[in-house]
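**Student:** What follows is a predicted protein model with its sequence.
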Amino acid sequence: MEAAVQSFLRSSEDLKAALEVEVTQPQEHGDLSSSSTDDRSRRILAVVSHRMDYVGGEEGSVLILKRPPGHSIEDLSVEVVYPISGSFSFSVAQARRTTLDLRASVGETGATLGQSRTELTLTIKYELATEIRSHTLITRDTRKLQSFTAECRRLKGIFTRNEFDADFSWLSLYTQESSLKSFSSPIDLRTVNIPLHTRLSPASAGLPGDDAADISIVRENWIYNKAVEEASIGSSARLLIRTGTFNVNGKMPSQDLSPWLRPTKRDSEKSGWISPLKSISPLDILSNPIDEQVTSSLGASSATLAHASSNNNANISDPDLLVLGFQELDLSTEALLYATSTVKEDAWVEAILAGLGERGILYEKLASKQLVGMLIIAIAKKARLSCFGDIRFSAAGAGIMGIMGNKGATAIRMSYTPLAQEISPSPTVLTFVNAHLAAFDEMVERRNSDFHDLSRRLVFDQTDELDSNSYANIASETSRRTVGLFESDVLFWMVHLNYRIDLADGDVRELLASSPGASNIPLLLKYDQLKTAIASGKAFAGFSEHAITHMPSYRYASNTSEDSLRYDRKRKPAWTDRILHMSAPSVRVTQHSYCTHPQITMSDHRPVSADFELNVSTIDKQRRELAASKLYRELWGVEQSSNTPKIKLQPMTLDFGKVYYRRLIRQTLSIQNDGQIPCVYRFVAADAEQAICPQWLKIDPVVGLLRPGELSTTTVTVFVDNSSASRLNLAPPRLDFTLILHTALGKDYFISVTGEYQYTCFANKLTRLTRLPGPVRTMKSPNDRIHARQSVNAPREIMTLINWLMTHVTDPNDLFNGPLEESICMNIRECLDTGDQFPFPQSGEERGPLATAIASILVQLLDSLVDPVVPPYLHARCLQMTSRDEAFELLDEFPPESVNVWISLTAFLHYMALQKLPSQSSTDQADIAERLATVFAPVLLRDDSTGLHTPVSPIGKRKFLLHFIG
């Protein structure tokens with residue numbers, strides 16, 4: 001026992017005495033009885049001494065330890081901590097109870113139920129400001145009890161003599177409250193998803209920042225991840241979730257909802273089967289919703305990690321959970337006063353279950369929350385109901401005066417615990433938000449503000465079941481607190497956000513209706529207000545949204561004038577209905593679909609759905625908590641240690657050799673803790689004004705923690721993109737940088753990074769390319785260039801690409817026949833930089849892949865230019881041109897190098913558009929011109945990234961280019 005307790009303690013603590021006891025409960029007539037006859041009543045009472053080496057003192061405490069049922073003696077945990085101070089006291093008395101003396105040998109016949117036996121009670125008291133806390137325990141080991149009481153008296157005497165030096169902070173490592181605080185609820189997603197080094201104090205070489213606070217942050221993060229890793233049982237549970245959002249425009253369900261609710265087509269649907277949705281009228285909705293009865297055999301048949309399948313031949317794609325958000329459920333004026341009627345909710349629940357068709361019997365409503373026009377409904381498989389628990393709700397208005405319910409959000413928070421045998425799995429917290437934000441194009445800042453306001457106000461009450469066992473609050477208590485929206489493992493927003501498209505109405509409709517069709521959606525999304533808000537960090541920062549490939553969900557005509565795509569002519573189409581998510585790194589989220597459902601036409605919106613698959617590692621909750629407690633004790637006290645952290649690095653120099661544009665190179669750096677205490681390290685900048693490393697260099701991880709003797713590997717990556725190349729092209733080719741590795745409360749280490757940058761024609765200005773004396777790779781310094789009067793008319797590299805395409809490509813389709821082969825592209829870039837000839841297909845090889853690659857490199861080169869071919873200050877003028885003649889006249893205002901590139905490129909594109917193949921009609925030829933304009937116009941007339949010039953219409957850019965190539 002003593003060995004197990006000592007191994008439980010940290011090296012700075014010594015076990016002075018230990019004895020086995022039983023927890024007692026008072027009975028009638030003052031007798032005492034143990035609370036149980038099994039291991040659950042047994043405890044170990046330990047007197048622990050802490051050596052304070054920096055002051056030469058000693059402090060003591062009494063720990064009451066317990067062993068979880070079914071675990072070995074090594075898996076001890078602290079139940080109560082009593083510091084031996086002036087408030088501590090104890091007393092010993094004869095126990096008043098009768099027991100069976102089991103010490104008699106087998107051959108003795110004197111053992112009877114009534115035989116009395118010597119037992120002593122030990123009462124420990126601790127005086128707080130408002131009450132006295134106490135524990136009464138029973139022991140039979142009088143010898144160890146004497147040792148226990150002697151040590152308590154000795155340590156209390158030390159406290160009395162050194163009362164003003166008492167600290168007891170070391171005890172925080174032995175309280176469950178301290179070791180489990182990271183697990184009381186998930187860490188805020190906004191925190192867990194940002195790089196750890198960004199959460200640390202500002203630091204640079206010679207100015208380390210707040211090392212003690214940094215150690216605490218890194219240690220907390222490390223223990224959390226390590227405890228989860230040690231408690232993982234090596235398997236995972238899969239959860240299928242279908243989410244949806246639908247602005248119903250005040251309508252009652254009047255159509256089959258199955259396309260929205262069911263991920264795959266059933267055979268019954270293909271044969272013309274229709275889900276059994278009853279016709280609903282204002283009278284019908286007063287009746288009770290569908291109440292399907294399912295026998296208990298549909299429940300999980302066994303407690304296994306894998307979800308048990310029902311006996312009704314459920315398709316594997318059937319979701320385990322459906323969460324649907326509705327907006328504008330009720331548009332009546334009186335509904336703004338937070339109406340509480342569930343009539344419309346009941347009707348939609350009935351329609352949902354009906355829309356599930358023959359699968360409807362497998363599902364049951366799990367939870368719902370309504371705030372006037374906003375309703376969120378969760379429906380789960382009945383076989384999975386036991387996996388969902390701790391369901392909580394929240395709602396907040398964001399409408400008139402910020403309190404009326406015409407705008408706002410409703411939310412549901414729940415825990416998902418996979419079925420498992422023999423262990424208690426740690427739950428995964430899922431949160432779903434249904435929101436409706438401010439309308440109209442110009443209200444984008446209001447929408448951004450509403451997001452932040454709702455994120456702050458949507459909170460959930462939570463019962464915190466952790467025992468508060470610190471010496472300031474020794475008794476076990478249950479406290480109630482609120483948790484925020486982002487304190488989740490996965491957070492979903494299924495919402496009518498009302499974000500619009502920042503383009504003219506005519507441009508939006510023309511792009512949606514033009515011949516490339518869905519190919520224009522990525523272009524339109526560049527002007528999507530939500531995408532812009534996310535990119536700028538103004539709203540929904542950190543959220544993920546699946547690529548949008550569906551047509552805008554708003555606004556469709558409803559008894560109003562409509563365009564060719566059935567959109568309302570008075571309202572600009574937009575993707576107002578969105579589904580976004582954010583997840584912790586511990587949960588792998590895969591999205592399988594994201595689409596609208598145009599078959600459902602009852603509203604001016606079309607419903608949107610998204611299917612998610614969650615893979616959750618199965619974590620033994622109890623073992624995770626034990627691991628966290630042990631790790632806290634092992635790592636605590638680094639800040640107070642008299643030892644200095646030491647590390648060993650290998651190598652001290654990283655030579656990357658030749659560094660090429662867009663070629664990734666990796667090397668590794670090994671870091672070993674060569675000291676006697678845990679070490680927290682981080683890479684820091686040379687000074688506060690610089691970054692940790694240049695843009696072309698990446699380090700992973702930037703921060704870490706190592707226990708004595710441990711070794712980790714840091715990956716150092718070099719990659720030169722357009723932004724880096726634009727700087728390196730103007731600098732000497734020698735790359736030389738020093739990485740600084742700082743050990744918290746220790747010294748700095750220096751790692752040399754070297755390389756030889758290979759100049760590239762990419763990411764330059766046109767004027768510089770026209771003044772190169774030869775291929776860019778022949779330059780010895782960035783200043784090698786010819787006089788402006790000797791410059792060439794257009795960059796050799798651009799002309800080389802155009803001439804090759806003009807010579808070897810006769811079928812315009814070869815320009816777009818992907819996919820690209822990166823090895824070919826890399827070879828072409830190298831030829832451009834060195835002046836070598838392009839590779840040519842061997843006899844019998846297709847020329848298409850090479851042509852596609854060269855066309856792609858041409859687009860990449862034009863897009864990499866520091867300044868676009870057409871200066872941004874001329875973009876507005878370009879859109880004013882109404883004829884080919886006017887467009888050609890405008891070329892006089894282009895810079896000379898831009899004119900020559902423009903004429904050469906448009907001549908080639910015009911040639912491609914004129915190529916008439918046997919299978920082509922005149923309409924096909926027009927499509928080719930349109931397609932070429934779609935690809936090249938955004939590159940040639942690239943928007944101004946500085947914001948000095950207002951972006952112009954993408955349709956206008958295409959039309960200007962078509963004046964030359966159409």
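**Tutor:** Cool, got the structure.

**Student:** tell me which helix or strand of this protein sits lowest on mean pLDDT?
**Tutor:** helix 267-270 (a mean of 34; mean pLDDT, DSSP states H and E).

**Student:** Check which element follows that helix along the chain.
**Tutor:** strand 321-327 (DSSP states H and E).

**Student:** Show me the contact partners of that following strand.
**Tutor:** 239-248, 261, 348, 352, 363, 366, 373-381, 384, 388, 410, 412, 432-436, 492, 494-496 (Cβ atoms under 8 Å, 6 or more residues apart in numbering). No exception for glycine: its C-beta is placed from N, CA and C like everyone else's.

**Student:** Okay, and which of those residues map to helices?
**Tutor:** Using DSSP state H, the subset of those located in helices is Leu261, Trp348, Ile352.

**Student:** from what I can see the second one touches Ile376, true?
**Tutor:** Going back to what we said before, that points to Trp348. No. Taking contacts as Cβ atoms under 8 Å, Trp348 lies outside contact range of Ile376: 10.9 Å.

**Student:** on that earlier part again, just the buried subset of the contacts of strand 321-327, please.
**Tutor:** 239-248, 261, 348, 352, 363, 366, 373-381, 384, 388, 410, 412, 432-436, 492, 494-496 (16 or more other Cβ atoms under 10 Å).

**Student:** Which residue lies nearest the spatial centre of the protein?
**Tutor:** Ser583 (3.8 Å; Cα atoms, centre = their mean).

**Student:** Run through the bridge partners of that one.
**Tutor:** Val490 (DSSP bridges).

**Student:** isn't it right next to Pro186, touching?
**Tutor:** No. Under the criterion of Cβ under 8 Å, Ser583 makes no contact with Pro186, lying 10.3 Å away.

**Student:** residues shared between the contacts of these two?
**Tutor:** Common neighbours of Ser583 and Pro186 (Cβ under 8 Å, 6+ apart) are Asp489.

**Student:** Just give me the closest of the ones in helices among the contacts of strand 321-327 to Ser791.
**Tutor:** Leu261 (65.1 Å; Cβ to Cβ).

**Student:** Report pLDDT for the closest one.
**Tutor:** Here, the pLDDT recorded for Leu261 equals 95.

**Student:** Name the nearest residue to it, sequence neighbours excluded.
**Tutor:** If the residues on either side of it in the chain are set aside, Leu261 comes closest to Gly355, at 4.6 Å by Cβ to Cβ, 6 or more residues apart in numbering.

**Student:** wouldn't that neighbour be in contact with Asp256 here?
**Tutor:** Yes. Gly355 lies in contact with Asp256 (Cβ under 8 Å); the separation is 6.2 Å.

**Student:** So if I had to pick from the two, which one is more boxed in?
**Tutor:** Legend: neighbour count by other Cβ atoms under 10 Å for Gly355 and Asp256, higher for Gly355 (22 against 19).

**Student:** Do you know the pLDDT at that one?
**Tutor:** 95.

**Student:** State the phi and psi torsions of it.
**Tutor:** phi -70, psi -20 (degrees, to the nearest 10).

**Student:** Show me the longest strand that occurs in this protein.
**Tutor:** strand 232-247 (DSSP state E).

**Student:** Neighbouring strands - and their directions - for that strand?
**Tutor:** By DSSP bridges, strand 232-247 pairs with strand 321-327 (parallel), strand 608-619 (antiparallel).

**Student:** model confidence over that strand, on average?
**Tutor:** The pLDDT scores in strand 232-247 average 94.

**Student:** Keeping just the C-alphas, turn it into CSV.
**Tutor:** Extracted in CSV, the C-alpha atoms of strand 232-247 (Å, rounded to 0.1, in the frame of the first residue of the first chain):
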residue,chain,number,x,y,z
SER,A,232,-8.4,6.1,-25.9
ILE,A,233,-9.4,2.5,-26.3
GLY,A,234,-8.4,2.5,-30.0
SER,A,235,-11.8,2.5,-31.6
SER,A,236,-14.3,5.1,-32.7
ALA,A,237,-18.0,5.6,-33.0
ARG,A,238,-19.7,6.9,-36.1
LEU,A,239,-22.6,9.3,-36.0
LEU,A,240,-24.6,10.3,-39.1
ILE,A,241,-26.3,13.7,-38.9
ARG,A,242,-28.5,15.4,-41.4
THR,A,243,-29.0,19.1,-40.9
GLY,A,244,-31.4,21.4,-42.7
THR,A,245,-32.6,24.9,-42.9
PHE,A,246,-35.9,26.2,-44.4
ASN,A,247,-37.4,29.6,-44.4
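
**Student:** what's the offset of that strand from the middle of its chain?
**Tutor:** Counting by Cα atoms, centre = their mean, to the nearest Å, strand 232-247 is centred 15 Å from the centre of its parent chain.

**Student:** Which of the three states applies to Gly157?
**Tutor:** helix (DSSP: H, G, I helix; E, B strand; the rest coil).

**Student:** residue contacts, it?
**Tutor:** Gly157 neighbours (Cβ under 8 Å, 6+ apart): none.

**Student:** Next up, the contacts around the nearest residue to His546 once chain neighbours are set aside.
**Tutor:** Distance criterion Cβ to Cβ, 6+ apart; nearest residue to His546, sequence neighbours excluded, is Tyr594 at 3.9 Å. Neighbour list for Tyr594: Glu545, His546, Ala547, Ile548, Thr549, His550, Ile579, Val608, Ser609, Ala610 [criterion: Cβ under 8 Å, 6+ apart].

**Student:** Give me the neighbour count for Val703.
**Tutor:** 23.

**Student:** Alpha carbons of stretch 951-961, in CSV - could you do that?
**Tutor:** What follows is stretch 951-961, C-alpha atoms only, in CSV (Å, rounded to 0.1, in the frame of the first residue of the first chain):
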residue,chain,number,x,y,z
PRO,A,951,-13.9,46.3,-58.1
VAL,A,952,-15.9,46.3,-61.3
SER,A,953,-18.5,43.9,-62.7
PRO,A,954,-17.1,40.5,-63.7
ILE,A,955,-19.7,40.5,-66.5
GLY,A,956,-18.3,43.8,-67.7
LYS,A,957,-14.7,42.4,-67.7
ARG,A,958,-15.8,39.5,-69.8
LYS,A,959,-17.6,41.8,-72.3
PHE,A,960,-14.5,44.0,-72.7
LEU,A,961,-12.4,40.9,-73.4
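
**Student:** from the middle of its chain, how far away would that stretch be?
**Tutor:** 37 Å.

**Student:** same deal with stretch 568-582?
**Tutor:** Using Cα atoms, centre = their mean, the offset of stretch 568-582 from its chain centre is 24 Å.

**Student:** domains in this structure, as residue ranges please.
**Tutor:** 2-167, 234-621, 766-965 (automatic domain parsing).

**Student:** Output the ones you listed as TSV; include the columns distance to Ala744.
**Tutor:** Formatted as TSV, the domains of the chain follow (distance: least, Cβ to Cβ, whole Å):
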stretch	distance to Ala744
domain 2-167	18
domain 234-621	24
domain 766-965	39
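
**Student:** Deepest in the core, which of these is it.
**Tutor:** Among the domains of the chain, domain 234-621 has the highest mean neighbour count (mean count of other Cβ atoms under 10 Å), at a mean of 18.

**Student:** Any idea how far apart the tips of it sit?
**Tutor:** End-to-end distance of domain 234-621 (Cα to Cα, to the nearest Å): 14 Å.

**Student:** Let's have the ones in helices among the contacts of strand 321-327 in a markdown table, adding distance to Asp505.
**Tutor:** Output for these, formatted as a markdown table (distance: Cβ to Cβ, whole Å):
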| residue | distance to Asp505 |
| --- | --- |
| Leu261 | 33 |
| Trp348 | 33 |
| Ile352 | 35 |
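
**Student:** Many thanks, we can stop here.
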